[in-house]
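Colleague: sequence first, then the predicted structure, then my questions.
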Amino acid sequence: MELDAAQNPNPDPPISAYYQTRADHHAVVSSDWLAHAAAAASSVTDTDADADAAPPPSPGGNGGGVIEEFNIWRRKPEAAEAVAAIMALTAVIRSSRATTMMELEIELKKASDKLKSWDATSISLSAACDLFMRFVTRTSHLEHEKFDAAKSRLIERGEKFGEISLKARKTIAMLSQDFILDGCTMLVHGYSRVVLEILKLAASNRKLFRVLCTEGRPDRTGLRMSNEIAALGIPVKVLIDSAVAYSMDEVDMIFVGADGVVERGGIINMMGTYQIALVAHSMNKPLYVAAESYKFARLYPLDQKDMTPAHRPIDFGVPVPAGVEIETSARDYTPPQYLTLLLTDLGVLTPSVVSDELIQLYL
């Protein structure tokens, strides 16, 4: 299935990414992260689980089919692109006509590469595909099973992985509630569905707080975020991005999402996150990053320019003189020393724990 420019907005080479770790509330890492995440996800109510349910997957056993399956899941309002990719890859296994494990792994790898090329600038999409490949096929025990039994095992793992990923935001929201105190003022930057889930749960728990929301240039996603926060009945004020330092003395804490969490424990997120972190650090304000585990990526950015660019058009509302260059980069890199904690569906982590464990996983 060929994609046109509108469907595939970023045809550049994909970013290689991978993550596999977990941490408990004391940030001690161990290898049985799936059991921990499953236990956390199981605390979600049956009503919530029903709301997250989706139509049965359609066949996805070839390059075109996996994109079609991916688009079916991607149209769900609450499903992130990374979750859609996980579900699409599970459908590839289910509908595969391979007769050996080698054939199935080759087919799965082709489907994964097809998904990653759909949007080469999406860190979470690439990371989810790589994590799925490592998690589903990681054990050598499959080599000693009959093919049908091994295939069933892969499908079961894929479905469990997808189920946990679908519930990631709700799990993060539950783990984050202890950090939101009555009477506090928090700053949020741009639009983040996981941060919105945190605020929604806090409001439903009758916590009293107010939110300062940045405008979120270049695409003004903060305006959308402020509208949804206001709809929850939470007091909210919109700031222009350049007013962050001016307003920081009102702020008790900062919550941001992340496009990706890199191996050093830093984050790649929408433009402006880095300068917010610098101001917060200088004024001793805690900055919490809410990020699903499938966004952890095996990347090592050395500076702001050392990552695959993601550009967005900017409308200044007035004509720009000819010959004037415009910076259209849509995201920046925030080093780990400016982050307080990472709130993930696998637990509450310090940036250093993420870094150390990922290094050990690749020794």
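Modeller: Received the coordinates, thanks. These numbers come from a predicted model, not from an experiment.
Colleague: from residue 198, how far off is residue 207?
Modeller: Relative to residue 198, residue 207 is positioned 11 Å away (criterion: CB to CB, to the nearest Å). Quick note: C-beta positions are derived from backbone N, CA and C, even for glycine.
Colleague: now for these two: what residues contact both?
Modeller: Both residue 207 and residue 198 are in contact with 177, 180, where contact means CB atoms under 8 Å, 6 or more residues apart in numbering.
Colleague: need the distance between the two termini of stretch 308-317.
Modeller: By CA to CA, to the nearest Å, the extent of stretch 308-317 from end to end equals 28 Å.
Colleague: buried residues in that stretch?
Modeller: For stretch 308-317, the neighbour count (16 or more other CB atoms under 10 Å) marks 308, 310 as buried.
Colleague: residue 207 and residue 198 - which one has more neighbours?
Modeller: residue 198 (28 against 16; other CB atoms under 10 Å).
Colleague: helix, strand or coil for that one?
Modeller: Look at residue 198: counting by DSSP: H, G, I helix; E, B strand; the rest coil, its state is helix.
Colleague: please enumerate the helices of the stretch 1-150 of the chain.
Modeller: Chain-ordered helices for the stretch 1-150 of the chain, with DSSP state H, counting those that start in this stretch as the definition, fall at 33-42, 46-52, 63-74, 81-95, 101-118, 123-136, 147-166.
Colleague: after the last one comes which helix or strand?
Modeller: Once helix 147-166 ends, the next helix or strand along the chain (criterion: DSSP states H and E) is helix 168-176.
Colleague: for that following helix, name the packing helices and strands.
Modeller: Secondary-structure packing of helix 168-176 (3 or more CB pairs under 8 Å, 6 or more residues apart in numbering; DSSP states H and E): helix 33-42, helix 193-204, strand 287-290, strand 341-344.
Colleague: what's around residue 167, how many residues?
Modeller: For residue 167, the count of nearby residues is 23 (other CB under 10 Å).
Colleague: check residue 281 too.
Modeller: Neighbour number of residue 281 under other CB under 10 Å is 16.
Colleague: list the buried ones in the helix or strand harbouring it?
Modeller: Residue 281 is part of helix 273-282, with elements assigned from DSSP H and E. Buried residues in helix 273-282, counted by 16+ other CB under 10 Å: 273, 274, 275, 276, 277, 279, 280, 281.
Colleague: contact partners of that helix?
Modeller: Contacting residues not belonging to helix 273-282 are listed as 187, 189, 214, 244-245, 248, 251, 254, 256, 267, 285-287, 304, 331-334, 337-339 [CB under 8 Å, 6+ apart].
Colleague: out of those, list just those in helices.
Modeller: In helices, defined here by DSSP state H, the members of the contacts of helix 273-282 are 244, 245.
Colleague: quick one: buried ones out of the contacts of helix 273-282?
Modeller: 187, 189, 214, 244, 248, 251, 254, 256, 267, 285-287, 331-334, 338-339.
Colleague: of those residues, which belong to strands?
Modeller: Among the buried ones among the contacts of helix 273-282, the ones falling in strands (DSSP state E) are 187, 214, 254, 256, 267, 287, 331, 332, 333, 334.
Colleague: distance of the fifth one from residue 238?
Modeller: So that's residue 267. In terms of CB to CB, residue 267 sits 23 Å off from residue 238.
Colleague: please apply the same query to the last one.
Modeller: Counting by CB to CB, the gap from residue 334 to residue 238 is 22 Å.
Colleague: least trustworthy helix or strand in the protein by mean pLDDT?
Modeller: When the helices and strands of the chain are scored by mean pLDDT, DSSP states H and E, helix 46-52 comes last with a mean of 43.
Colleague: doesn't residue 284 make contact with residue 340?
Modeller: No: applying CB atoms under 8 Å, one finds residue 340 not in contact with residue 284, separated by 10.3 Å.
Colleague: in terms of neighbours, single out the busier of the two.
Modeller: Neighbour count, other CB under 10 Å: between residue 340 and residue 284, residue 340 has more, with 18 against 6.
Colleague: report the separation between that one and residue 255.
Modeller: 11 Å.
Colleague: picking that back up, tell me which of the helices of the stretch 1-150 of the chain lies nearest to residue 314.
Modeller: helix 123-136 (21.6 Å; CB to CB).
Colleague: sorry, back to before: mean pLDDT lowest where, among the helices and strands packed on helix 168-176?
Modeller: Mean pLDDT per stretch puts helix 33-42 lowest among the helices and strands packed on helix 168-176, at a mean of 46.
Colleague: residue ranges in the stretch 1-150 of the chain under the pLDDT threshold?
Modeller: 1-64, 135-145 (pLDDT under 70).
Colleague: and if we set it to 50?
Modeller: Counting by pLDDT under 50, the ranges of the stretch 1-150 of the chain that qualify are 1-38, 40-41, 43-63, 140.
Colleague: TSV for the helices of the stretch 1-150 of the chain, including mean neighbour count and distance to residue 322?
Modeller: Output for the helices of the stretch 1-150 of the chain, formatted as TSV (neighbours: other CB atoms under 10 Å; distance: least, CB to CB, whole Å):
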stretch	mean neighbour count	distance to residue 322
helix 33-42	17	53
helix 46-52	11	50
helix 63-74	20	39
helix 81-95	26	37
helix 101-118	19	35
helix 123-136	25	35
helix 147-166	18	47
